[in-house]
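Q: pasting the structure only:
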């Protein structure tokens, strides 16, 4: 009488292999989703820290002794969509010290009686390197506050027209500007600058939606206080 051997049938082998492939696929998807979430959390946390650091630095007003007066320190978010880059900067006043009307105005760079806010326009464009020593309004890079992280693959949606935020020297108040450098949270009337109705003020507000499995992240910087609000899942 011959020996009997037990073995799996081809069908059983295929079923087992199918189950293993499904489990492996689920594991890979979960791991990939975890990686997306970690990268998104890391990127957003660094951005929040950069914003807070720039506001804090503006209030302390640390500037080189050879530099002109600074209107404030700010962040350029105009390149956040599509490549996730943002740049910190110093907004340089043409005068060496505090005292000129442009330094004493309610908003940076404004001169009374002009009838518009052109004098308070942010000089957007290229942000140069070096010290604030020019005889005109310029933006200079602010080393040490820019993240080196790359934003995870995602889409950025701005919920307002704000692309630049400037924190005023000493006070740390937040001013918002569009991609042309126009001031958005104040308007001129009878030669004076007046704050807009709080219900109509545009603030820095954008949503980053991951192309992976990470939940969307929304970030807002509030008017005047510069308070940062980070929201997960919107």
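A: Good, I have the coordinates. Note that the structure is predicted; figures quoted are calculated from it, not measured.

Q: may I ask which helix or strand of the chain has the lowest mean pLDDT?
A: strand 192-195 (a mean of 74; mean pLDDT, DSSP states H and E).

Q: got the contact list for the helix or strand following that one?
A: Going down the chain from strand 192-195, the next helix or strand is strand 204-210, by DSSP states H and E. Residues outside strand 204-210 that contact it (Cβ atoms under 8 Å, 6 or more residues apart in numbering): 36, 40, 44, 77, 80, 151-160, 162, 165, 174, 176, 216-221, 234. Using the backbone N, CA and C atoms, a C-beta is placed for each residue, glycine as well.

Q: just list what the longest helix along the chain packs against, helices and strands only.
A: Looking across the chain with DSSP state H, the single longest helix is helix 10-60. With contacts defined as 3 or more Cβ pairs under 8 Å, 6 or more residues apart in numbering; DSSP states H and E, helix 10-60 has these neighbours: strand 70-76, strand 164-168, strand 204-210, strand 217-221, strand 228-232.

Q: hang on, the earlier thing: what residues sit buried inside the least confident helix or strand of the chain?
A: residue 193 (16 or more other Cβ atoms under 10 Å).

Q: now do stretch 159-179
A: Buried-residue list, stretch 159-179, by 16+ other Cβ under 10 Å: 162-169, 172-178.

Q: next: stretch 128-138.
A: For stretch 128-138, using 16+ other Cβ under 10 Å, the buried residues are 132, 137-138.

Q: what does stretch 52-60 give?
A: Result for stretch 52-60 [16+ other Cβ under 10 Å]: buried residues 54-55, 57-59.

Q: contact partners for the nearest residue to residue 61 once chain neighbours are set aside?
A: Nearest residue to residue 61, sequence neighbours excluded (Cβ to Cβ, 6 or more residues apart in numbering): residue 169, at 4.9 Å. Neighbouring residues of residue 169 by Cβ under 8 Å, 6+ apart: 58-59, 61, 69-73.

Q: of those residues, closest to residue 143?
A: Using Cβ to Cβ, residue 73 comes nearest to residue 143 of these, at 11.8 Å.

Q: low-confidence stretches in this protein?
A: 1-8, 10, 12, 23-33, 113-116, 118-119, 146-149, 190-192, 233-234 (pLDDT under 70).

Q: most centrally placed residue in this structure?
A: Centroid-nearest residue in the chain: residue 77, 5.2 Å away (criterion: Cα atoms, centre = their mean).

Q: quick check on that residue: phi, psi?
A: phi -100, psi 10 (degrees, to the nearest 10).

Q: I'd say it and residue 88 touch.
A: No. Using Cβ atoms under 8 Å, residue 77 makes no contact with residue 88, being 10.6 Å away.
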